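[1] no letters, just coordinates:
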């Protein structure tokens, strides 16, 4: 795993439709619109935020986590919408002993069902396998979150199982989680 590739300079990923890049203060209103919506976090271990000042502070927290080399939180920007922030995708829990990372993502409700999450996951998977030399990417999904499971399956992840009452998620209590994993050897075979 080449963490220098990730944490030396904030990585910017691009496709024909999307750009994954750092969230900055100028994106505050769109970020607030995402965090202010209860529906966005129905299946996430994140509590919605209804205070603009709280969300403003979070931008600094994103940067702090990046500087601590613990998490990368990319804004998902749609090029056709004048570079509009439409969601967040992140890589966290970098485990160098086994070259593994966990990903998570969420979109503003107005952008659900348009293939954006699928494309953003594709971009991050390609980056993590091809440039960072990750061996395993995983995601934890609440069992009722069918849209998220579809995004992962479309991108080559396999459902590996259900861990029952194994995690404490903010605002949700103790939850069951389905684990989805993707190995570099499977990624190489699918190319």
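    Structure received. Note that this is a predicted model, so its numbers are computed, not measured.
[2] C-alpha from now on. contacts and neighbour counts both.
    Will do.
[3] how far does the helix or strand in which residue 181 is found sit from its chain's centre?
    Element membership of residue 181 [criterion: DSSP states H and E] is strand 173-183. The chain centroid and the centroid of strand 173-183 are separated by 14 Å under C-alpha atoms, centre = their mean, to the nearest Å.
[4] only the buried residues of the helix or strand just after that strand, if you could.
    Taking DSSP H and E as the definition, the helix or strand that follows strand 173-183 towards the C-terminus is helix 184-190. Residues of helix 184-190 classed as buried: 184, 187 (neighbour count, 16 or more other C-alpha atoms under 10 Å).
[5] sketch out the low-pLDDT regions of the protein for me.
    191 (pLDDT under 70).
[6] run the last query once more with 80
    Along the chain, segments meeting pLDDT under 80 span 81-83, 190-191.
[7] could you pull out the strands for the protein?
    Along the chain, counting by DSSP state E, strands occupy 13-14, 18-22, 71-78, 84-95, 100-107, 136-141, 158-169, 173-183.
[8] and those, which is most packed in?
    Most buried of the strands of the chain, by mean neighbour count (mean count of other C-alpha atoms under 10 Å): strand 71-78, with a mean of 24.
[9] surely residue 70 touches residue 93?
    Yes - in this structure residue 70 lies within contact range of residue 93 using C-alpha atoms under 8 Å: 6.6 Å.
[10] before we move on, back to that, put together JSON lines for the strands of the chain, with distance to residue 61 on each row.
    Conversion of the strands of the chain to JSON lines gives the following (distance: least, C-alpha to C-alpha, whole Å):
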{"stretch": "strand 13-14", "distance to residue 61": "21"}
{"stretch": "strand 18-22", "distance to residue 61": "12"}
{"stretch": "strand 71-78", "distance to residue 61": "10"}
{"stretch": "strand 84-95", "distance to residue 61": "13"}
{"stretch": "strand 100-107", "distance to residue 61": "17"}
{"stretch": "strand 136-141", "distance to residue 61": "22"}
{"stretch": "strand 158-169", "distance to residue 61": "19"}
{"stretch": "strand 173-183", "distance to residue 61": "23"}
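[11] out of these, which is closest to residue 6?
    strand 71-78 (8.1 Å; C-alpha to C-alpha).
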